[in-house]
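# I would like the atomic coordinates for the input below:
(4 chains)
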Number of protein chains: 2
Amino acid sequence: MEWLNYHHLLYFWMVAKRGSIARACEELRLAQPTISGQLRTLEENLGEKLFARQGRRLVLTEAGQVVYRYADEIFALGEELSDILKGRPRNRPMRLIVGVSDLIPKLIAYRILEPALAIKGGAQIECYEDTPEKLLLRLSAHELDLVLTDAPAYSAVRVRVFNHLLGSSGVALFATAPLARFYRKHLPSSLTGAPFLLPMKNSPLRQIIDQWLEVHSIRPRVLGEFQDTALITAFGQSGAGIFAAPVAIEREVRSRYRVAKLCELGAGVTEYYAISAERKIKHPAATVIAEVAKNKLFGIPGQ
Amino acid sequence: MEWLNYHHLLYFWMVAKRGSIARACEELRLAQPTISGQLRTLEENLGEKLFARQGRRLVLTEAGQVVYRYADEIFALGEELSDILKGRPRNRPMRLIVGVSDLIPKLIAYRILEPALAIKGGAQIECYEDTPEKLLLRLSAHELDLVLTDAPAYSAVRVRVFNHLLGSSGVALFATAPLARFYRKHLPSSLTGAPFLLPMKNSPLRQIIDQWLEVHSIRPRVLGEFQDTALITAFGQSGAGIFAAPVAIEREVRSRYRVAKLCELGAGVTEYYAISAERKIKHPAATVIAEVAKNKLFGIPGQ
DNA sequence: TCTACAGTTCGATTATTCCGATGTATACTG
DNA sequence: CAGTATACATCGGAATAATCGAACTGTAGA
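Take a look at the predicted model:
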């Protein structure tokens, strides 16, 4: 494994950003030949020309543009990290800042977060969505107060985040009435070849579905894979295909999307977690959320 | 501006990942004193201890954990970049892979994408959601075929992506019946102090709303700010507050979320774009999408 | 054709990285 | 409680890479 030289990349990035080697020199306080040379070795290492000369200007090649965009992301993260370490907390007003995983149905997210609006004074909520990994990153940098996900935070390295199980729910399949009518006979074997709208491969919900399909030897027709459950339901509502949702919100799903329940997926259970940076959830609004979720949200049925 | 030393960071990252300097040495093919030393200079540069000795192990300090997570992001991007340049396209089967901006209402996204399911043979769709910036990054690396956003791609550097305007729509405010009844009298001045669910500050839709509020000298009570429009509607449906949505999907919004329209926001118009890596959209499913959107989706009213 | 500008090439110089040897603390072993 | 293996820290010199000034090449404009 040969490593990318990030310093070369940094010089390249600055040249691309400023539009010329000369102006990058000023910014980086280096001599022209230095950058010129480093740029050349970067191109050699990558085996791609990054700039093409156009008159006496440099313009990015196609490959250069791709590299530039990645570099932009990389160094933006680096600067963010520097800022945080220098103790310039990125402005955090007096409100609850929550990260919500894409994989959590919005109706569930609403049910979890809603108590925070009800507390007196009315906490203001700020919601960001992203992949769980990104959200945890921002949680650990104390940019978020709370992260909602459907899986506990993995800990390859022991990380200082703490998982609070809010509740769990079984999973059911839903579809518009005509689809449901058609496939309801001879369940579950009728589902082979049936059109499915599925979450991405890496999501816990998808694993539950796949396992269930496996057990029943069903090979569905996959119409599409979606990172966000809200898009799945947008498609599902229009009768494009069959989709899965937690039974905890069965009633809302049925009425809101005008769909019918096909069947429940036996053993499989989705879980919902709040993840905080401290062992004990401190933010008052967050405490309320966790309490209400544990006691009321999913507690009633089956217990 | 003093730059982060990304090579030191890389060593640190590997040590944290592998759990010890010794094992990082194997991976990086370096001698143990080398890494030990580099780690020390990194700590000195940052002014933070990153590891604490626990017996003869090293464990990450609080600061170390923050740095580690950022490093993870940074070097994951770096590896992705290397992969792409080495011509290992990250597995792209025969389907349409679309990036959808968080900021696009799912109902709009559905309407835009739906034609692709209808074409014969039935294209399989794969949908990712993220911020427009990240999506464009992946588009330029040819990991996506198409990106749907509500603003054309900015071009700080001339980038090889092309914007295709799919359509535009006015904006209206919605709320549940009780809320609507209460605020409908003396619009728009009645809205001062009214509870609002808003998209994030940087979104085009938010700018339209803010501008309208500004013009009418309304100062609403902001309940929360959301990155994803689907969460806004989940809150809005439950009567938490007033929210905005494009009039193009007024009917669906009203029936699906059981809300009523308060009023339209005069001049403001949201736009929807498909962004592709080539000047001409090539992917057959993508072509269909763009065609249908331009001709039918938003074309009828007002034209 | 002359000049200003932008980037390149070429050694010489300087800074940084890297390693082996050695030292210190910690865990395991009988 | 030695004796030994493990893991990291420290040190100084050797190897490597980055940097610079000076001279060179090509372009654009006067």
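# alpha carbons only for contacts and neighbour counts from here, please
Fine.
# Show the residue spans covered by the strands in the stretch 51-200 of chain A.
A:51-54, A:57-60, A:96-101, A:125-130, A:146-149, A:162-175, A:195-199 (DSSP state E, counting those that start in this stretch).
# Of all those, which one is nearest chain B?
strand A:125-130 (4.3 Å; Cα to the nearest Cα).
# For the closest one, which helices and strands make contact with it?
Counting by 3 or more Cα pairs under 8 Å, 6 or more residues apart in numbering or on different chains; DSSP states H and E, the packing neighbours recorded for strand A:125-130 are strand A:96-101, strand B:221-226.
# Include distance to A:Glu79, mean pLDDT and mean neighbour count when you put these into TSV, please.
Listed next are the helices and strands packed on strand A:125-130 as TSV, based on distance: least, Cα to Cα, whole Å; pLDDT from 0 to 100; neighbours: other Cα atoms under 10 Å in any protein chain shown:
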stretch	distance to A:Glu79	mean pLDDT	mean neighbour count
strand A:96-101	21	89	25
strand B:221-226	25	87	20
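# can you list the strands of the stretch 51-200 of chain A in TSV and add distance to B:Met14?
What follows is the strands of the stretch 51-200 of chain A, written out as TSV (distance: least, Cα to Cα, whole Å):
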stretch	distance to B:Met14
strand A:51-54	31
strand A:57-60	32
strand A:96-101	27
strand A:125-130	25
strand A:146-149	26
strand A:162-175	24
strand A:195-199	32
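# most packed of these?
For the strands of the stretch 51-200 of chain A, the stretch with the most neighbours on average is strand A:146-149, a mean of 26; neighbours defined as mean count of other Cα atoms under 10 Å in any protein chain shown.
# same for that strand, what does it pack against?
In terms of contacts (3+ Cα pairs under 8 Å, 6+ apart), strand A:146-149 is packed against strand A:96-101, helix A:132-140, strand A:260-276.
# which intervals of the stretch 51-200 of chain A have sub-threshold pLDDT?
The stretch 51-200 of chain A contains residues with pLDDT under 70 at A:87-94, A:120-123, A:154-160.
# Could you check how far the spatially most distant residue from the centre of chain A is from A:Ser20?
Of all residues in chain A, A:Gly55 has its C-alpha farthest from the mean position, at 44.3 Å, by Cα atoms, centre = their mean. As defined by Cα to Cα, to the nearest Å, A:Gly55 lies at a distance of 13 Å from A:Ser20.
# what's the answer for A:Ile242, then?
According to Cα to Cα, A:Ile242 stands 54 Å off from A:Ser20.
# and these two? which has more neighbours close in?
Neighbour count, other Cα atoms under 10 Å in any protein chain shown: between A:Ile242 and A:Ser20, A:Ile242 has more, with 29 against 16.
# who's in contact with that one?
By Cα atoms under 8 Å, 6 or more residues apart in numbering or on different chains, A:Ile242 lies in contact with A:Leu173, A:Phe174, A:Ala175, A:Thr176, A:Leu179, A:Ala194, A:Pro195, A:Phe196, A:Leu197, A:Gly236.
# rerun that using 7 Å as the cut-off
Listed by Cα atoms under 7 Å, 6 or more residues apart in numbering or on different chains, the contact set of A:Ile242 reads A:Leu173, A:Phe174, A:Ala175, A:Pro195, A:Phe196, A:Leu197, A:Gly236.
# before we move on, what about A:Glu48?
When contacts are counted by Cα under 7 Å, 6+ apart, A:Glu48 touches A:Ala63.
# Okay, and it sits in which element?
Assigning secondary structure by DSSP states H and E places A:Glu48 outside every helix and strand.
# quick one on the thing from earlier: so which of the helices and strands packed on strand A:146-149 is nearest DNA strand C?
Taking Cα to the nearest atom of the strand as the measure, the helices and strands packed on strand A:146-149 were each checked against DNA strand C, and helix A:132-140 came out nearest at 26.2 Å.
# what angle do the closest one and strand A:125-130 make?
Taking axes from the mean of the first three to the mean of the last three Cα atoms, to 10 degrees, helix A:132-140 and strand A:125-130 form an angle of 140 degrees between their directions.
# quick one: is helix A:132-140 near chain B?
Yes - taking Cα under 7 Å from any Cα of the partner chain as the criterion, helix A:132-140 and chain B are in contact, through A:Leu137, A:Ser140.
# want to throw the strands of the stretch 51-200 of chain A into a markdown table with distance to DNA strand C?
Conversion of the strands of the stretch 51-200 of chain A to a markdown table gives the following (distance: least, Cα to the nearest atom of the strand, whole Å):
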| stretch | distance to DNA strand C |
| --- | --- |
| strand A:51-54 | 7 |
| strand A:57-60 | 5 |
| strand A:96-101 | 36 |
| strand A:125-130 | 34 |
| strand A:146-149 | 34 |
| strand A:162-175 | 25 |
| strand A:195-199 | 43 |
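# Of those strands, which is nearest B:Leu231?
When the strands of the stretch 51-200 of chain A are ranked by proximity to B:Leu231, the top entry is strand A:125-130, at 8.4 Å, counting by Cα to Cα.
# Point out the residues in the stretch 51-200 of chain A that sit beside DNA strand D.
A:Gln54, A:Gly55, A:Arg56 (Cα under 7 Å from any atom of the strand).
# Can I get the residues you listed in JSON lines including distance to B:Ala63?
Supplementary listing: these in JSON lines, determined by distance: Cα to Cα, whole Å:
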{"residue": "A:Gln54", "distance to B:Ala63": "46"}
{"residue": "A:Gly55", "distance to B:Ala63": "48"}
{"residue": "A:Arg56", "distance to B:Ala63": "46"}
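# Between those, which sits nearest B:Leu113?
When those are compared for distance to B:Leu113 (Cα to Cα), A:Gln54 comes out closest, at 39.9 Å.
# measure that closest one to A:Thr61 for me?
When Cα to Cα is applied, the distance between A:Gln54 and A:Thr61 equals 11 Å.
# do the same with A:Pro178
According to Cα to Cα, A:Pro178 and A:Thr61 sit 52 Å apart.
# who's more crowded, the two?
When A:Pro178 is set against A:Thr61 and neighbours are counted by other Cα under 10 Å, the residue ahead is A:Thr61, at 17 against 12.
# and that one, what is it in contact with?
For A:Thr61, the contact set (Cα under 7 Å, 6+ apart) comprises A:Leu50, A:Phe51, A:Ala52.
# Quick check: phi and psi on the residue of the stretch 51-200 of chain A found nearest DNA strand D?
Taking Cα to the nearest atom of the strand as the measure, the stretch 51-200 of chain A has A:Gly55 as its residue closest to DNA strand D, at 3.5 Å. With angles defined as degrees, to the nearest 10, A:Gly55 sits at phi 60, psi -130.
# how near is it to DNA strand C?
9 Å (Cα to the nearest atom of the strand, to the nearest Å).
# what do you get for A:Ala22?
Computed with Cα to the nearest atom of the strand, the distance linking A:Ala22 and DNA strand C is 4 Å.
# And the contacts of the one helix or strand A:Arg40 maps to?
Assigned by DSSP H and E, A:Arg40 falls within helix A:32-46. Contacting residues not belonging to helix A:32-46 are listed as A:His8, A:Tyr11, A:Phe12, A:Ile21, A:Ala22, A:Cys25, A:Lys49, A:Leu50 [Cα under 7 Å, 6+ apart].
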